[in-house]
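# Test case, fold it:
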Amino acid sequence: MAATHALEATELVKTYPAGRKKPPLRALDGLTFAVPEGVVLGLLGPNGAGKSTTVKILTTLSRADSGTARVAGYDVAKQQDAVRRAIGYVPQKSSSDPMATGVENLVLSGRIFGLSRQDAVRRAAELLERFDLTESADRQVRTYSGGMQRKLDVALGLVHRPRVLFLDEPTTGLDPEARADLWNEVGRLAGTEGLTVLLTTHYLEEADRLAGQLAIVDRGKVVAEGSPEALKAELRGDSVHVELVDPDADGTVQRLLSGLPGLGEIVVEGNTLRARVDRGATAVPAVLGALEEKAIPVSAVTVSRPSLDDVYLRYTGRSFKSAEKNAGNEEGRAA
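The predicted structure is shown next:
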């Protein structure tokens, strides 16, 4: 079935009922996006933003209260079997059998998806080689490193050659080397095979590196959408970060700097001041001079080009770090 987009979500709403001493949780609140074929879409947001709930709905593991969604051209509510045949899904937690070997896991997955034993063995060998796991094929998965296990998880999601691959927080808990290794594999999937990938992540660097298209999710809505470069290009000028010795408990710093010309989007969170300026080189002396005049001590100041954190700040009014710290995790409510 031909599809204009590989993935489409329109006004998705999902509310989890109240629990003991907990009010109802509105995990999705009109979430909307569309993704062409062969693109890596990064759903970027802190824990609790609604990313995993979105994946559950698109992979037919949950139903939306309202709204519509299509995957590979199929309606996720009305054509669940077709959706499941068209997708691969790599959940946050490993789906492999730790007591079985790598090759046994892959062959079993192939058989479940309807491959003959011969084809399943052949496909397992292809994937083991692709993910550099051939030498470990006959080892029990429980002996694999974290990076090796995640590679195997991705391989399991590819056994039946899906059209769309869902990766839900695939690198959480991995060391930097294993994370970079998996990033390379994901980049190749979209680049050489034309696979559409939906990647949920709360790592800014991961989204920046892998996503051809980015949807920033905040409180169950997509608040910004576009390529990482395009979103950053919308922010002209520089970003100034000032680390204060003491927190701005009474809003003095915010009020003081709001009166300076050339400063915009001023946000103070605890000891950290962030602002947008046309020219960092000329704005910094004015900022430091105003703070010094009021005897407000500063421990550090930096000037940088726009980042995804700046994009998030612009569209949500708070930094990504602050959102991560304060957000609840919708997974605990969804379970």
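
# Going by C-alpha atoms from here, please, whenever you check contacts or count neighbours.
OK.

# per-domain residue ranges of the protein.
When the chain is parsed with automatic domain parsing, its domains come out as 7-232, 236-305.

# so how far is the first residue of the shortest one from its last?
If I follow you right, that is domain 236-305. Domain 236-305 has an end-to-end distance of 9 Å (C-alpha to C-alpha, to the nearest Å).

# now swap in stretch 263-279 and tell me
Start to finish, the residues bounding stretch 263-279 are 10 Å apart (C-alpha to C-alpha).

# now the strands: where do they sit in the stretch 151-300 of the chain?
Here the stretch 151-300 of the chain has its strands, by DSSP state E, counting those that start in this stretch, at 164-168, 196-201, 213-218, 221-226, 238-244, 263-269, 272-277, 298-304.

# again, but for the stretch 1-150 of the chain
Using DSSP E, counting those that start in this stretch, the strands of the stretch 1-150 of the chain run over 7-16, 25-35, 40-44, 66-71, 74-75, 87-90.

# Make TSV out of those and add mean neighbour count, distance to S227 and mean pLDDT.
Converted to TSV, those look like this (neighbours: other C-alpha atoms under 10 Å; distance: least, C-alpha to C-alpha, whole Å; pLDDT from 0 to 100):
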stretch	mean neighbour count	distance to S227	mean pLDDT
strand 7-16	20	16	96
strand 25-35	21	11	95
strand 40-44	28	9	94
strand 66-71	20	21	97
strand 74-75	20	25	97
strand 87-90	23	23	95
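
# Same list (those strands) but as TSV, adding distance to Y312.
Output for those, formatted as TSV (distance: least, C-alpha to C-alpha, whole Å):
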stretch	distance to Y312
strand 7-16	21
strand 25-35	17
strand 40-44	9
strand 66-71	25
strand 74-75	31
strand 87-90	26
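
# is it true that R305 touches S239?
Yes: counting by C-alpha atoms under 8 Å, R305 does reach S239; the two are 6.0 Å apart.

# Mind checking which of these two has more residues around it?
Per other C-alpha atoms under 10 Å, whichever of R305 and S239 has more neighbours is S239, with 23 against 15.

# Would you mind measuring from the residue lying closest to that one once chain neighbours are set aside to H160?
Using C-alpha to C-alpha, 6 or more residues apart in numbering and skipping the chain neighbours, the partner closest in space to S239 is R276 (4.8 Å). Separation of R276 from H160 (C-alpha to C-alpha) stands at 48 Å.

# Out of those two, name the residue with the larger neighbour count.
Taking other C-alpha under 10 Å, R276 and H160 do not tie; R276 has more neighbours (25 against 21).

# what bridges to that one?
S239, G264 (DSSP bridges).

# pretty sure it is in contact with V240, am I right?
Yes: counting by C-alpha under 8 Å, R276 touches V240, with 6.3 Å between them.

# residues contacting the nearest residue to T101 once chain neighbours are set aside?
Distances taken as C-alpha to C-alpha, 6+ apart put Q140 closest to T101, at 4.0 Å, once the chain neighbours are dropped. Going by C-alpha atoms under 8 Å, 6 or more residues apart in numbering, Q140 touches 98-102.

# For A323, which of the strands of the stretch 1-150 of the chain is the nearest?
Closest approach to A323 among the strands of the stretch 1-150 of the chain (C-alpha to C-alpha): strand 40-44, 11.9 Å.

# ok, that closest one: who's next to it in the sheet?
Strand 40-44 pairs in its sheet with strand 196-201 (parallel), strand 213-218 (parallel), by DSSP bridges.

# In PDB, could you pull the C-alpha coordinates for that strand?
Presented in PDB, the C-alpha positions along strand 40-44 are these (Å, rounded to 0.1, in the frame of the first residue of the first chain):
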ATOM      1  CA  VAL A  40      15.300   9.100  10.800                       C
ATOM      2  CA  LEU A  41      12.800  11.000  13.000                       C
ATOM      3  CA  GLY A  42      14.000  11.900  16.400                       C
ATOM      4  CA  LEU A  43      11.300  12.300  19.100                       C
ATOM      5  CA  LEU A  44      13.200  14.400  21.600                       C
END
